[in-house]
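In: Below is the sequence, then the predicted model.
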Amino acid sequence: MTNAQKWVTVVLAAFIFLFILSDILKEDTIIRHDDFQNYGTGEFNEERSQDAPGLALIKQNGCLACHGQDLRGNPNLGPSLYNAKKHWNRDKLINYLRSPLDYSRDPRFAEYKNQFRNIIMPSYENLDVKDLGTISDYLLGLQGE
Ligand code: HEC
């Protein structure tokens, strides 16, 4: 072998090595992707999927922090949502969630303002209207006081 041939061999070997290495790394990411997909079907998700879609969205969006873990209200932070069905229909409730301030002139809300001092019901206009519809359906379907 001449020197030039040795170099060609070394460079070729390096290429083959890199090629195999990149292939291994590629497979590695694919495996990780599969792992990630498995999380979706794992226990954690099964636990969550027991929630109705509306309740899952309510939990995801932090409503429980103010309206109570059972949605029956928190004395300082927010009213029970079991009353929603008395006061709203689906369209109005979606509008309310998008823009609560539009409804602040209602005398009922003057009382809330007094009871929940300094707490502001956030506007959820950033949420998909479909999701707000799902939340509204859930709230309007709550049975009991
Ligand atoms: C930071 C606390 C807070 C969070 C978070 C919050 N709310 Fe409220 N919510 C309030 C307060 C306080 C009121 C009372 C009205 C007011 O002050 O504007 C209220 C009022 C309401 C009402 C009207 C109740 C009635 O009697 O008509 C509904 C419905 C409602 N919230 C739903 C939700 C939903 C759904 C979420 C989550 C997507 C949510 N809220 C998140 C504080 C909160």
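Out: Looks like it arrived, so ask away. Numbering: from 1, shown residues only.
In: so where's this structure uncertain?
Out: 20-21, 24-49 (pLDDT under 70).
In: Which positions in it make contact with the ligand?
Out: 58, 61-63, 65-67, 77-79, 81, 83-84, 87, 97, 100, 109, 112-113, 116, 119, 121-122, 124, 135, 139 (Cβ under 6 Å from any ligand atom). Heads up, the C-betas are built off the backbone N, CA and C, glycines and all.
In: Helices - which of those land there?
Out: 58, 63, 65-67, 84, 87, 97, 109, 112-113, 135, 139 (DSSP state H).
In: Is it possible to mark the buried ones in those residues?
Out: Neighbour counting by 16 or more other Cβ atoms under 10 Å classes 58, 63, 66-67, 84, 97, 112, 135, 139 among those as buried.
In: From the centroid of the chain, which residue is nearest?
Out: Q60 (4.4 Å; Cα atoms, centre = their mean).
In: Quick one: the ones in helices among the residues of the chain next to the ligand as TSV, columns for distance to A14 too.
Out: Formatted as TSV, those follow (distance: Cβ to Cβ, whole Å):
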residue	distance to A14
I58	58
C63	59
A65	58
C66	62
H67	63
A84	68
H87	74
L97	61
F109	73
Y112	72
K113	73
I135	59
L139	65
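In: ok, those vs D128, which is closest?
Out: Taking Cβ to Cβ as the measure, D128 sits nearest to I135 out of these, at 10.3 Å.
In: correct me, but that closest one touches K59?
Out: No - taking Cβ atoms under 8 Å as the definition, I135 is not a contact partner of K59, at 10.6 Å.
In: residues contacting L55?
Out: When the contact criterion is Cβ atoms under 8 Å, 6 or more residues apart in numbering, the partners of L55 are Y138.
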